[in-house]
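In: sequence unknown, structure follows:
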């Protein structure tokens, strides 16, 4: 008879769904964990539960994650639960490398060298155009995509066409470079990080003794963030599993945001179809965000939004329109300063943008405002291939080299954009922005030490990026990162900035699947906020030497509807009713549009006066006009021409708070024009 549940409080603080996920008797289990639903808690508790129940042995557990940080967190939590025996927890790559070293040693084979960066191998074999052309990092990224999708050089052109890729080189030329890259590795006895996964999978598939030994050691498999799994990782996972029914996967289909990089969210979405015997548990209770933030998050997903709040009420989220990108950065910096004055810590605050390049303005604005600002993972900034290559080139000049003399050569690597050029966000654009950031940091160091050497600059650079800025204590700084970089993190207050068409969604997301992924990415950004959420966009943005007009992101429309309803005193949980009513109003307006155009339903003079009034109010508040009132609401007022408060309240889109705030103006306008 199986032992009873351990009486150690392992389940005491779990809700019903979490408890089911932890104790589900099936060997194959799929946990669909919504944002803030306790995903890591459930995963670690399930491991601990099975170990203590005797259905799993800690030394035979393999827990797979996608980042070293996530692996460290998992091991730490298991130790906190009393699982002191070693559990193998790590990334696919780290575990694959450990297995390969064991295999090579067993076969008395010399271990091949590891390609830490593809740039060195690609430099002599990739095309070197005389004018502007693809960066080596673009070519390297395309090879990584192909390998993640199990596409070899011979099949690249067809696979790229089928996936509607925009390769940095013509497909046939890209395939040739890919082939030369693989040949260069073979000649030098090198493997890259993607090869590690494939080599283990191939060894497991071909060597029965090796496969048996690894499956004996790793009998109980747990995989986090399964929506990010790519075909290569899935092949390795299946090799490790060997058809056994001892697998628990955890993920959130609404946070699948890496398809562009080779991930295939279908492995999670279709898990129950592939494994009909699997147990499926949905976690939809959110323990992270305020009801107001969740109302926005659910609205972003529309009918798929099902998160239920458990945190106290917070402020109504905001949406602001600023006249320019610089004005937006300055406004956010002032808001950060005000929040600090209210008692929040700097690291309680975060600024998230779609691309890394956008963060430079916020960093500058925060410095001017005296706000310590740290780019998340900024030590990683030094490891970006283009940054590392530039610094290596500086170091090769020898000791004592003047930084002032070297800066012009750095600037030549990232010249300013030509006048009249609009640079859409792209991987290449972000690389150029990082090089410009490096130049900016060098010039900043020269203001502190005019006689600085290259060695002094590189030493300062590591320290400056590690410790944040300003007078805040070490580690206490506002964090700036991209939507992708924020995944898995959370802050009490989040600013989502640059929410404009062309950035959110990104300009090159043209297909339905790409736009759906961009919407999920926006949802990831929204759900990073615990208590406060502030959204903003700029009416003008500068690209190189040209300033262009911008439009708000289409993803903001449901956000505006919910924010308006919340500001009107509606309960956060009723967001679906607000959106449904808004859609009904739009449909009614469309039905009436021909008659309105000829003035048979709404009084044209009243409608014009109302629109002029709305524009003035919106301009004074710094918000889009539709935040004050939607066109359909103004049309309803112009048609009904109400004479009192009750008449206003009877109209769609006018709740008590809106009537309290704007009712007198509306009635006065209607009376004066009528």
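Out: Nice, I can see it. These figures come from a predicted structure and were not determined experimentally. Residues are numbered from 1 along each chain as shown.

In: Now the host helix or strand of residue 63: buried residues?
Out: Taking DSSP states H and E as the criterion, residue 63 maps to strand 61-65. When neighbours are counted by 16 or more other C-beta atoms under 10 Å, the buried residues of strand 61-65 are found to be 61-65. C-beta coordinates here come from the backbone N, C-alpha and C atoms, glycine included.

In: for stretch 496-511, same thing?
Out: Going by 16+ other C-beta under 10 Å, stretch 496-511 has these buried residues: 496-506, 509.

In: Could you report the pLDDT at the closest residue to residue 26 other than its chain neighbours?
Out: Excluding the flanking residues, the one nearest residue 26 by C-beta to C-beta, 6 or more residues apart in numbering is residue 279, at 3.6 Å. Per-residue confidence (pLDDT) for residue 279: 94.

In: Show me the strands in the stretch 101-250 of the chain, by range?
Out: 113-114, 190-191, 220-223, 247-251 (DSSP state E, counting those that start in this stretch).

In: List the neighbouring strands of the last one plus their orientation.
Out: Which is strand 247-251. strand 28-33 (parallel), strand 220-223 (parallel) (DSSP bridges).

In: domain parsing for this structure?
Out: Annotated domains of the chain cover 16-103+196-283, 117-188, 568-673 [automatic domain parsing].

In: So which of these is nearest residue 480?
Out: Evaluated over the domains of the chain, closeness to residue 480 peaks at domain 16-103+196-283, with 17.7 Å, by C-beta to C-beta.

In: tell me the contacts of residue 411?
Out: For residue 411, the contact set (C-beta atoms under 8 Å, 6 or more residues apart in numbering) comprises residue 439.

In: That one looks like it's in a helix, true?
Out: Yes. Checked against DSSP: H, G, I helix; E, B strand; the rest coil, residue 411 lies within a helix.

In: got any ranges where the stretch 301-450 of the chain has weak pLDDT?
Out: Residue ranges of the stretch 301-450 of the chain with pLDDT under 70: 377-381, 383, 414-430, 444-450.

In: how about the strands in it?
Out: Going by DSSP E, counting those that start in this stretch, the stretch 301-450 of the chain shows strands at 308-309, 318-322, 349-353, 373-375.

In: Direction included, what does the last one pair against?
Out: Strand 373-375 pairs in its sheet with strand 478-482 (parallel), by DSSP bridges.

In: The strand it pairs with vs strand 349-353, what angle?
Out: On the basis of axes from the mean of the first three to the mean of the last three C-alpha atoms, to 10 degrees, strand 478-482 is oriented at 20 degrees to strand 349-353.

In: and residue 556, what is it in contact with?
Out: 319, 499, 535, 537.

In: Can I get these in TSV including distance to residue 15 and secondary structure?
Out: TSV is the format used below for these (distance: C-beta to C-beta, whole Å; DSSP: H, G, I helix; E, B strand; the rest coil):
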residue	distance to residue 15	secondary structure
319	32	strand
499	33	coil
535	30	strand
537	37	strand
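
In: circling back to that earlier point, looking at the strands of the stretch 101-250 of the chain, which is nearest to residue 123?
Out: Comparing the strands of the stretch 101-250 of the chain by C-beta to C-beta, strand 190-191 comes nearest, at 14.5 Å.

In: Quick one: residues in contact with that closest one.
Out: Residues contacting strand 190-191 (C-beta under 8 Å, 6+ apart): 112-115, 121, 184-185, 199.

In: Rounded mean pLDDT for it, please.
Out: Strand 190-191 comes out at a mean pLDDT of 91.

In: swap in stretch 482-496?
Out: Mean predicted confidence for stretch 482-496 is 95.

In: And for stretch 205-224?
Out: 94.

In: and if you look at stretch 15-34?
Out: 95.

In: I'd like the distance from it to the chain centre, please.
Out: 26 Å (C-alpha atoms, centre = their mean, to the nearest Å).

In: swap in stretch 633-645?
Out: On C-alpha atoms, centre = their mean, the centre of stretch 633-645 falls 43 Å from that of its chain.

In: Now do the buried residues in that stretch.
Out: So for stretch 633-645, counting by 16+ other C-beta under 10 Å, buried means 633-640, 642, 645.

In: So which of those are in strands?
Out: The subset of the buried residues of stretch 633-645 located in strands under the criterion DSSP state E is empty.

In: From these, which land in helices?
Out: 633-640, 645 (DSSP state H).

In: backbone phi and psi for the nearest residue to residue 309 once chain neighbours are set aside, please?
Out: Using C-beta to C-beta, 6+ apart and skipping residues adjacent in sequence, the residue nearest residue 309 is residue 291, 4.0 Å away. With angles defined as degrees, to the nearest 10, residue 291 sits at phi -60, psi -30.

In: Next up, the contacts around residue 291.
Out: Per C-beta under 8 Å, 6+ apart, neighbours of residue 291: 309, 311, 313-314, 572-573.

In: Neighbour-wise, give me the winner out of these.
Out: Counting neighbours by other C-beta atoms under 10 Å, residue 309 comes out on top of the contacts of residue 291 with 23 neighbours.

In: partners of that residue in the sheet?
Out: Counting by DSSP bridges, residue 309 is bridged to residue 286.

In: Tell me who's in contact with it.
Out: Residue 309 neighbours (C-beta under 8 Å, 6+ apart): 286, 289-291, 294, 572-573.

In: give me that answer again for 7 Å
Out: By C-beta atoms under 7 Å, 6 or more residues apart in numbering, residue 309 lies in contact with 286, 289-291, 294.

In: Please name the nearest non-neighbouring residue to the residue nearest the centre of the chain.
Out: The C-alpha lying nearest the average C-alpha coordinate of the chain belongs to residue 484 (C-alpha atoms, centre = their mean; 2.5 Å). Leaving aside its sequence neighbours, residue 484 sits nearest to residue 257 (C-beta to C-beta, 6+ apart; 6.5 Å).

In: Surely that neighbour touches residue 519?
Out: No. Counting by C-beta atoms under 7 Å, residue 257 does not reach residue 519; the two are 9.8 Å apart.

In: what separates stretch 321-328 from the chain centre, distance-wise?
Out: 23 Å.
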